[in-house]
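# give me the fold of what follows.
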Amino acid sequence: MKHVKKILLIAALSCSTSVLAETIGVSMAYFDQNFLTIIRHSIDKEAQARGIKVQFEDARGDVGRQTDQVQNFISAGVDAIIVDPVNSAGTPAITKMVKDAGIPLVYVNRTPGDTTLPPGVVFVGSDEKESGTLQMEELARLANYQGNVAVMIGNLTDAGALQRTKDVEQVVAKYPKMKVVQKQSANYSRSEGMDLMMNWITNDEAIDIVAANNDEMAIGAIMALQQAGKKDGKVLIGGIDATPDGLKALASGRMQVTVFQDAVGQGKASVDVAQRMIKGEKPEPYYWIPFELVTPANMQKYAAKQ
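Numbering: from 1, shown residues only. The predicted model follows:
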């Protein structure tokens, strides 16, 4: 009799564990971008702490691949899906697919292109109207509100990159002695940022300030300036994200400003929101995590956050 009870207890515990073991499918735009790597590790760490199983997929910058990954998550019967979109334009199709399947969906970091988010779909990220504004206002102050500005755009299909660029342009327009003289995409890439800056240098463009949509492109600009033998600080450089590499560039004096985007916070919050929706809660469609200005004076407090 005791043996039978023991078997029944083990079976009951096994069933209980299977019920509690929630599964989340996560499709990331890229595995090899520094900022997104921090988000991915944060998601993984938070999910482990909550006893949630996570399946990660790398879309490698391909919208079609990401759509297929989401479809596979649906077919596998995951409890929720987290998507870091390849681009904003691709999200409406993903939203409809997941919504029709009745699965909670969380977009993280990159703003979805949907006009409105339906119930059961949440965006976790930061308000891009703050990022470029904080960046450019500080660069303008450092430049005594004068000079030629070049803007490195992240990705032309990314709503966040377009908003950051618009922010910079609106700040520059406030000051009569400042103007935007160059504005081109480098796809959030360090190597492409370096190539773009080198082209500007080769073409003898008169540039006093580079406002890059992220730290990676800013670092690329710094590398090009160094390769061309330009003195550190002669051209003011601003990034966004406050990645570990970005903070190193700030500490060295090669970059003058960045803007902290809480990658760890976004990762943790996306798991929290997904689990709450799995349990039947109905959170607000947008979960905002504020941007914060980072300068050499306050950078130490951000070093511990990444």
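# so who does A89 touch?
63, 113, 157 (Cβ atoms under 8 Å, 6 or more residues apart in numbering). Where C-beta positions appear, they are placed from N, C-alpha and C, glycine not excepted.
# those residues in strands, which ones?
If you go by DSSP state E, those have nothing in strands.
# what ranges does the chain have for its helices?
With DSSP state H as the criterion, the chain has helices at 2-20, 34-50, 63-76, 91-101, 128-142, 159-173, 190-202, 215-227, 244-251, 263-278, 300-303.
# and the most centrally placed residue in the chain, how far from Q256?
With distances taken as Cα atoms, centre = their mean, N109 lies nearest the centre of the chain, 4.1 Å away. According to Cβ to Cβ, to the nearest Å, N109 and Q256 sit 25 Å apart.
# got it, and G267?
28 Å.
# M197 now?
The spacing between M197 and Q256, counted by Cβ to Cβ, is 15 Å.
# give me the mean pLDDT for stretch 136-150.
Taken as a whole, stretch 136-150 has a mean pLDDT of 98.
# T23: neighbouring residues, count only.
16 (other Cβ atoms under 10 Å).
# my guess is it contacts F56, does it?
No: using Cβ atoms under 8 Å, T23 is not in contact with F56, being 12.0 Å away.
# show me the shaky parts of this structure.
1-20, 306 (pLDDT under 70).
# how is it divided into domains?
Here the domain assignment for the chain is 2-126+262-290, 128-260, based on automatic domain parsing.
# from those domains, which stretch is densest packed?
Highest mean neighbour count among the domains of the chain (mean count of other Cβ atoms under 10 Å): domain 128-260, with a mean of 21.
# quick one: distance of it to the chain centre.
Centroid separation between domain 128-260 and its chain, computed with Cα atoms, centre = their mean, to the nearest Å, is 17 Å.
# quick check: end-to-end length of it?
12 Å (Cα to Cα, to the nearest Å).
# now stretch 121-136
End-to-end distance of stretch 121-136 (Cα to Cα): 32 Å.
# and that stretch, how far out from the chain middle?
The answer for stretch 121-136 is 10 Å, by Cα atoms, centre = their mean.
# now tell me what touches stretch 29-41 from outside.
Outside stretch 29-41, the residues touching it (Cβ under 8 Å, 6+ apart) are 26, 28, 56, 58-61, 66, 84-87, 108-110, 188, 214-216, 241, 243-245, 261, 263-264, 266-267, 270, 306.
# export it as CSV, just CAs?
Extracted as CSV, the C-alpha positions of stretch 29-41 are listed here (Å, rounded to 0.1, in the frame of the first residue of the first chain):
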residue,chain,number,x,y,z
ALA,A,29,16.6,40.2,-34.5
TYR,A,30,20.3,39.4,-34.0
PHE,A,31,22.4,37.4,-31.6
ASP,A,32,25.6,39.2,-32.4
GLN,A,33,24.6,42.8,-31.6
ASN,A,34,26.1,43.9,-28.2
PHE,A,35,23.0,45.6,-26.9
LEU,A,36,20.6,42.8,-28.0
THR,A,37,23.0,40.3,-26.4
ILE,A,38,22.5,42.0,-23.1
ILE,A,39,18.7,41.8,-23.5
ARG,A,40,18.9,38.1,-24.4
HIS,A,41,21.1,37.2,-21.4
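# show me the contacts for the closest residue in space to G220 that isn't next to it in sequence.
Leaving aside its sequence neighbours, G220 sits nearest to G193 (Cβ to Cβ, 6 or more residues apart in numbering; 2.6 Å). Residues near G193 by Cβ under 8 Å, 6+ apart: 152, 186, 212, 216-221, 224.
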